[in-house]
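>>> predicted model follows, preceded by the sequence.
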Amino acid sequence: MKQTILFLLLVTCIHLNAQTTYEIKKDIGYYPENISQNDAYLKSQCTIDVYYPKNKKNFATVIWFHGGGLTGGNKEIPKQLMENGFAIIGVGYRLSPKVKAIACIEDAAAVTSWVFNHIAEYGGDQNAIFLSGHSAGAYLSLMITMDKKYLSKYNIDANKIAGVISLSSQTITHFTIREERGIKGTQPIIDEYAPLYHVRKDVPPIILITGDAEKEMLGRYEENAYLYRMLLLNKASAVKLYKMDGYDHGNMPLASYPLMINEIARLQKEMKK
């Protein structure tokens, strides 16, 4: 009996020692010094925290954009996504009204370029980079994926993104961009600043998740349902739409994180086939 107990303790210790350990490096600027040195606001806002598995190679990476309507919020790494075998990049970006909201999209492209160019230094797989975020953050993820011009500035094909997991994004033109033009939030517009405007067949996998249709902000579920339908009509194959019944805009991420983790694992498996 004592031998059995000692053996189990030894196995447990070996297992614990073999577990993945994680490290975080904070406040890394993602714009080149020649750009940031003359812009104090850009230099202070445009930083990332890199949370990654230290003793693992070729891991996936999630670039996480915070919400806040493109006017507020801070970089974050959701604790529900931690210790799941992949890296998480918590992104800070400039905010309206200090800059026009278009700068938020430009920052999203700049940080994505940084991750493509540097994640291998941490052990990550350049071919397994996912974009995600909640609300305004999800909007940024979709915009730089759907409108390829933002990443092409950095000689990156947006189709190289492994997937987008969008939590309650605007898919029409963002309300802050409309507000900058004096257009009220209940007046929908679909122009070049709308992910919907850029539907095409050859998009990376896109997972659209919203809260309850009756509890979400304005028509957020319907916006996502329309993007989903238009992508299908354009013959995009790797698209899914989920609705979290009972959850409003603010708490829908809590219901979405487990689904997001499963979708990342599923997409990784499909990539290896």
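Cool, got the structure. Numbering: from 1, shown residues only.
>>> so where's the stretch 151-273 of the chain shaky on pLDDT?
Across the stretch 151-273 of the chain, nothing is flagged by pLDDT under 70.
>>> can you show me the strands along it?
For the stretch 151-273 of the chain, the strands defined by DSSP state E, counting those that start in this stretch cover 163-167, 206-211, 239-244.
>>> okay if I get these as CSV plus distance to residue 269 and mean neighbour count?
Every residue, glycine included, has its C-beta placed from N, CA and C. Below are these laid out as CSV (distance: least, C-beta to C-beta, whole Å; neighbours: other C-beta atoms under 10 Å):
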stretch, distance to residue 269, mean neighbour count
strand 163-167, 12, 28
strand 206-211, 15, 25
strand 239-244, 15, 18
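>>> for residue 128, find the nearest of these.
Residue 128 sits nearest to strand 163-167 of all these, at 9.0 Å, using C-beta to C-beta.
>>> what packs against the closest one?
Counting contacts by 3 or more C-beta pairs under 8 Å, 6 or more residues apart in numbering; DSSP states H and E, strand 163-167 packs against strand 124-134, helix 136-146, strand 206-211, helix 252-271.
>>> okay, helices next: where are they in this protein?
In the chain, the segments counted as helices under DSSP state H are 2-18, 33-36, 40-45, 102-118, 136-146, 149-152, 175-180, 220-233, 252-271.
>>> and those, which is most packed in?
Mean neighbour counts were compared across the helices of the chain using mean count of other C-beta atoms under 10 Å; the top stretch is helix 136-146, at a mean of 28.
>>> hang on, the earlier thing: output the helices and strands packed on strand 163-167 in CSV, with distance to residue 81 appended to each entry.
Converted to CSV, the helices and strands packed on strand 163-167 look like this (distance: least, C-beta to C-beta, whole Å):
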stretch, distance to residue 81
strand 124-134, 9
helix 136-146, 13
strand 206-211, 14
helix 252-271, 6
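>>> let me know which of the ones you listed is the nearest to residue 105.
helix 136-146 (5.1 Å).
>>> hang on, the earlier thing: can you redo the helices of the chain as JSON lines with distance to residue 80?
What follows is these, written out as JSON lines (distance: least, C-beta to C-beta, whole Å):
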{"stretch": "helix 2-18", "distance to residue 80": "22"}
{"stretch": "helix 33-36", "distance to residue 80": "31"}
{"stretch": "helix 40-45", "distance to residue 80": "25"}
{"stretch": "helix 102-118", "distance to residue 80": "21"}
{"stretch": "helix 136-146", "distance to residue 80": "15"}
{"stretch": "helix 149-152", "distance to residue 80": "28"}
{"stretch": "helix 175-180", "distance to residue 80": "27"}
{"stretch": "helix 220-233", "distance to residue 80": "21"}
{"stretch": "helix 252-271", "distance to residue 80": "4"}
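>>> in this structure residue 105 contacts residue 150, no?
Yes: Residue 105 lies in contact with residue 150 (C-beta atoms under 8 Å); the separation is 6.1 Å.
>>> could I get the contacting residues of the residue lying closest to residue 72 once chain neighbours are set aside?
Distances taken as C-beta to C-beta, 6 or more residues apart in numbering place residue 95 nearest to residue 72, at 6.5 Å, with adjacent residues excluded. By C-beta atoms under 8 Å, 6 or more residues apart in numbering, the contact list for residue 95 reads 45, 68, 70, 71, 72, 73, 104.
>>> ditto for residue 92
Residue 92 neighbours (C-beta under 8 Å, 6+ apart): 45, 46, 47, 48, 66, 74, 75.
>>> same thing but 7 Å
Residues near residue 92 by C-beta atoms under 7 Å, 6 or more residues apart in numbering: 45, 46, 47, 48, 74, 75.
>>> any of the residues you listed buried? List them.
45, 46, 47, 48, 75 (16 or more other C-beta atoms under 10 Å).
>>> which of these fall in strands?
Using DSSP state E, the subset of the buried ones among the contacts of residue 92 located in strands is 47, 48.
>>> give me the most central residue, the protein.
Most central in the chain under C-alpha atoms, centre = their mean is residue 132, positioned 1.6 Å from the mean C-alpha point.
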